[in-house]
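Trainee: Sequence and predicted structure are below.
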Amino acid sequence: MSTETAQASRIHVSVSPHIRSSASTTRIMLDVCIALLPPSIAGIVAFGYRAALVLVMAVASCVLTEFLFEKITRRPVTVGDLSAVVTGLILGLNLPSTVPFWIPVLGGVFAILIVKMFFGGLGQNFMNPALAARCFLLISFAKIMTTFPATFRVLFSTSALTEATPLAIIREGGEINVVEMLFDLHNGCIGEVSVVCILLGFIYLLVRKVITPLIPCVYVASTVAFVVLFQLIGGNAAMLTSSYLVAQVCGGGLLLGACFMANDYVTSPMSALGCAIYAVLLGLLTSIFRVFGTSSEGVSYAIIIGNCIVPLIDRVTLPRPFGREKREKKGGAA
Amino acid sequence: MSLTFLRGGIHPPAHKDSTELEPIRDIEPGEVLFFPLSQHIGAPSVPVVAAGDTVRMGDRIADAAGFVSVPIHSSVSGTVVAIRPHMTLKGEPETCIEISNDGLYTPAEGYGEPRDPGSMTPDEIRNAIRDAGIVGLGGAGFPMHVKLAVKEPDTIDYLICNASECEPYLTSDARLMLERTADLVRGLGYLKTLFPKAKCLVGVEDNKPACIEALKKESGDVCEIVPLKARYPQGGERMLIQALTGRRLNSSLLPAQVGCVVVNVASVLAALDALEKNIPLIRKVMTVTGDAVNTPCNVRVSTGDLYSHVAEAAGGFSVTPEKMISGGPMMGIAMFTLDIPVVKTSASILALTKDPVAKKDMSPCIRCGACMQACPERLVPQYLALLSDRNNFELFERYGGMECIECGSCAYVCPAKRPLVQSMRYGRRETGALIRARKAAAQKAAGEGGKA
């Protein structure tokens, strides 16, 4: 065909670049959902259908809240980007399986409506919505939120099962079986029961290049370091057994939080240096809450407090442009 | 092992295989040609012909208007029809010299006459290059004689030939390297005489092994052929200099200030033709490619010829393209018409049946940091784009917005498909105007202070 016809037809004009990579927000969110599947399945295996229902209620509540808010305020509906599904899943995974169903529903509404949509929707929330909702629930309904089922299914453990979580056990000076801790299911929130499953999801995200290992690794390492430091200062060196340290790393929300929540794009710093500072800060806060706090937990609080400091970290760790690494002399070429 | 730049960069699909094996074909220009007066960085040229004048091929039709400016030559013989505005690549009509082609190609006096550049003084070489109207053909169109006019030639340690051709689809430089290997080396030899202490380096991306091999055979002791990792934007001047010499350039430094002079493959060959044969810059190799063209190829075209004629002569379109680009897909300009003339810096016609970009819906930034990882200038594109969108040019400047080279790596990787380059370009333009105004005010104040 001739070039004149080409000109008469519809020609697109736009600013360069004229090609784009295949990456998309939806694909990233889908990857996170896929990565959250192993811990979800582990939770359902441990606690039964009730865990599945809690997860479903949390996801449904988040998606529905976003949908209704956008309908009522006449905004474009964005639930298709799957970010609300991720929020719902993370919220659900951070709840005990025994909670009444209005808990995940209320949490979902709080996470999406107050923390996400009121601050401008996707990308604008200054805290992780799911964790903010969890902290809201923890403060408001402490008893419900810290009651874990008395019985749950395990794969091969022989030791007696207790209602207490690993962190609660070591807090009372008890011992846990290290091998069982690592490879079997243990009590806790729905998403916390299996170390192996959390790491599977984490490795999936690394392979898909959705996340880098920086924040999770620094966070876990600094938590251990600060816990050891505080216990030594407090004269409790005797407490620092391998069982204690393994429980600190693998029990409670640390691994789940480090792998899937601390490195949430929206609420973590931009630069590598910023991420390292942020992760050390999270480790410091987590260990303070765990060692000195009244609760044996602390990850959720640490992360949302860390989230609030991210804008400041971003500001002081902005990279210097290429070719301007050295501070310019006054009166130099500028 | 291939060298490369430090940070950022992307690996877009190359799409070079459809044209890199095709020898360059000559295309006869159309019946009417248009020569825009502004085809380079610097003052627009001044016409020296008038409507009704007869011109020969190679005749000077417009003169340089100052030091940073070059003359323009007619690529055909014929008659000057008019000097009037015509649509150009910039998307708006500009003053052009319109010449009707008599099809005889009668050469101007001295056109094609052999000369011996070896006996020329540095000044004669620079003047010959200026008189031939040669500008940087890598894209920017900076007058070459200005680049070569370094106050202290001894301070230049490296004469760098930019042969990386990192834009996808483009293969014209690669074809020139294969077809005119010896010419390229000879041209570099002549340019090297301007800088007594300079070492000549030719940086070629390692996805062009045939070029590297051919050049290595010819290079002798004139230049060193350095393979570079195939990685976009390897051909960016600052990235290239850093990869080859380790020296770092920013927006306020010229290459000469870090002891480097960078010239593009096509520019060196144009300079050689001017020096050896007294032929001005009137022909140019363009890649005509994309999935909407019948025969992807490399063609030697005449400046002033219309893009529509070039596209037709190169084989035409097989289907209606949704997007037509002059240049590569990363930094090229989208054209809404082909009724525009080929200029000295025209590199290609890229016709795509599907445009995946213009109508793409963007979603909110999720701060994933991919743009920052991809930025070769180590900027935070999403933050700078936000500042630009909010007209906060003070912070835009403070956080390095003016360092942006508009390479498009950030927008390429963005999962939210945000038009980051568009925001950056707007911010750079507005901030640049503010900086100039500030400097002018400061100069004025200094002048008044001196008087008082």
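Mentor: Sure thing, it's come through. A quick note: this is a predicted structure, and the numbers were derived from the prediction, not measured.
Trainee: A:Leu64 and chain B, how far apart?
Mentor: 20 Å (C-beta to the nearest C-beta, to the nearest Å). Bear in mind the C-beta positions are built from the backbone N, C-alpha and C, glycine included.
Trainee: Checking my notes, that residue in a strand, right?
Mentor: No - counting by DSSP: H, G, I helix; E, B strand; the rest coil, A:Leu64 is not found in a strand; it is helix.
Trainee: what's the residue most central in space within chain A in contact with, if anything?
Mentor: The residue lying closest to the centre of chain A (C-alpha atoms, centre = their mean) is A:Met261, at 1.4 Å. Shown in contact with A:Met261 (C-beta atoms under 8 Å, 6 or more residues apart in numbering or on different chains): A:Ile90, A:Asn128, A:Ala130, A:Leu131, A:Val299, A:Ile303.
Trainee: Mind giving me the packing neighbours of the host helix or strand of the last one?
Mentor: A:Ile303 belongs to helix A:299-316 when assigned by DSSP states H and E. Here helix A:299-316 touches helix A:129-140, helix A:272-292, going by 3 or more C-beta pairs under 8 Å, 6 or more residues apart in numbering or on different chains; DSSP states H and E.
Trainee: Out of the ones you listed, which is the most enclosed?
Mentor: helix A:129-140 (a mean of 23; mean count of other C-beta atoms under 10 Å in any protein chain shown).
Trainee: hmm, it touching chain B?
Mentor: No - using C-beta under 8 Å from any C-beta of the partner chain, helix A:129-140 stays clear of chain B, coming no nearer than 12.9 Å.
Trainee: what's that helix in contact with?
Mentor: So helix A:129-140 is contacted by A:87-88, A:90-91, A:94-95, A:103, A:106-108, A:110-112, A:114-116, A:144-146, A:257, A:261, A:300-301, A:303-304, A:307 (C-beta under 8 Å, 6+ apart).
Trainee: Give me the buried entries from the residues you listed.
Mentor: A:87-88, A:90-91, A:94-95, A:103, A:106-108, A:110-112, A:114-116, A:144-145, A:257, A:261, A:300-301, A:303-304, A:307 (16 or more other C-beta atoms under 10 Å in any protein chain shown).
Trainee: In contact with the closest residue to chain B within the stretch 201-334 of chain A, which residues are there?
Mentor: Proximity to chain B, evaluated over the stretch 201-334 of chain A using C-beta to the nearest C-beta, is greatest for A:Gly323 at 3.2 Å. The neighbours of A:Gly323, taking C-beta under 8 Å, 6+ apart as the test, are B:Arg238, B:Arg248, B:Leu249, B:Asn250, B:Ser251, B:Leu253, B:Glu377, B:Glu403.
Trainee: So which of those wins on neighbours?
Mentor: Using other C-beta atoms under 10 Å in any protein chain shown as the neighbour test, these are led by B:Glu377, with 27 neighbours.
Trainee: in a strand, that's where it is, yeah?
Mentor: No - under the criterion used here (three-state DSSP), B:Glu377 is coil, not part of a strand.
Trainee: you'd agree A:Thr147 is up against A:Thr98?
Mentor: Yes - proximity of A:Thr147 to A:Thr98 meets the contact threshold set by C-beta atoms under 8 Å, at 5.7 Å.
Trainee: for the residue of the stretch 201-334 of chain A closest to chain B, helix, strand, or coil?
Mentor: coil.
Trainee: now it: how far from B:Ile333?
Mentor: 26 Å (C-beta to C-beta, to the nearest Å).
Trainee: And for stretch A:67-82, what's in contact with it?
Mentor: By C-beta under 8 Å, 6+ apart, stretch A:67-82 touches A:25-26, A:29-30, A:33, A:63, A:66, A:112-113, A:117, A:121-122, B:363.
Trainee: got the CA coordinates for it in CSV?
Mentor: The C-alpha trace of stretch A:67-82 is given here as CSV (Å, rounded to 0.1, in the frame of the first residue of the first chain):
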residue,chain,number,x,y,z
PHE,A,67,-15.1,-1.5,44.7
LEU,A,68,-17.9,0.2,46.7
PHE,A,69,-15.8,3.2,47.6
GLU,A,70,-14.9,3.7,44.0
LYS,A,71,-18.5,3.3,42.9
ILE,A,72,-19.9,5.7,45.5
THR,A,73,-17.2,8.3,44.8
ARG,A,74,-17.6,7.7,41.0
ARG,A,75,-14.0,6.9,40.4
PRO,A,76,-12.6,4.3,38.0
VAL,A,77,-12.8,0.9,39.5
THR,A,78,-9.3,-0.5,40.1
VAL,A,79,-10.0,-3.8,41.9
GLY,A,80,-8.7,-5.5,38.7
ASP,A,81,-5.1,-4.6,39.7
LEU,A,82,-5.3,-7.2,42.5
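Trainee: one step back: return the member of the contacts of A:Met261 nearest to A:Val207.
Mentor: Using C-beta to C-beta, A:Ile90 comes nearest to A:Val207 of the contacts of A:Met261, at 20.2 Å.
Trainee: sorry, back to before: please indicate which of the contacts of stretch A:67-82 has the highest neighbour count?
Mentor: Result: A:Ile112 is most packed of the contacts of stretch A:67-82 (other C-beta under 10 Å), 31 neighbours.
Trainee: That one contacts A:Ala58, doesn't it?
Mentor: No - applying C-beta under 8 Å, one finds A:Ile112 not in contact with A:Ala58, separated by 10.6 Å.
Trainee: nearest residue to B:Leu194 other than its sequence neighbours?
Mentor: Distances taken as C-beta to C-beta, 6 or more residues apart in numbering or on different chains place B:Pro122 nearest to B:Leu194, at 4.9 Å, with adjacent residues excluded.
Trainee: And for B:Ala108?
Mentor: B:Gly58 (3.8 Å).
Trainee: quick one on the thing from earlier: the contacts of stretch A:67-82 in helices, which ones?
Mentor: Among the contacts of stretch A:67-82, the members falling in helices (DSSP state H) are A:Thr25, A:Thr26, A:Met29, A:Leu30, A:Cys33, A:Val63, A:Glu66.
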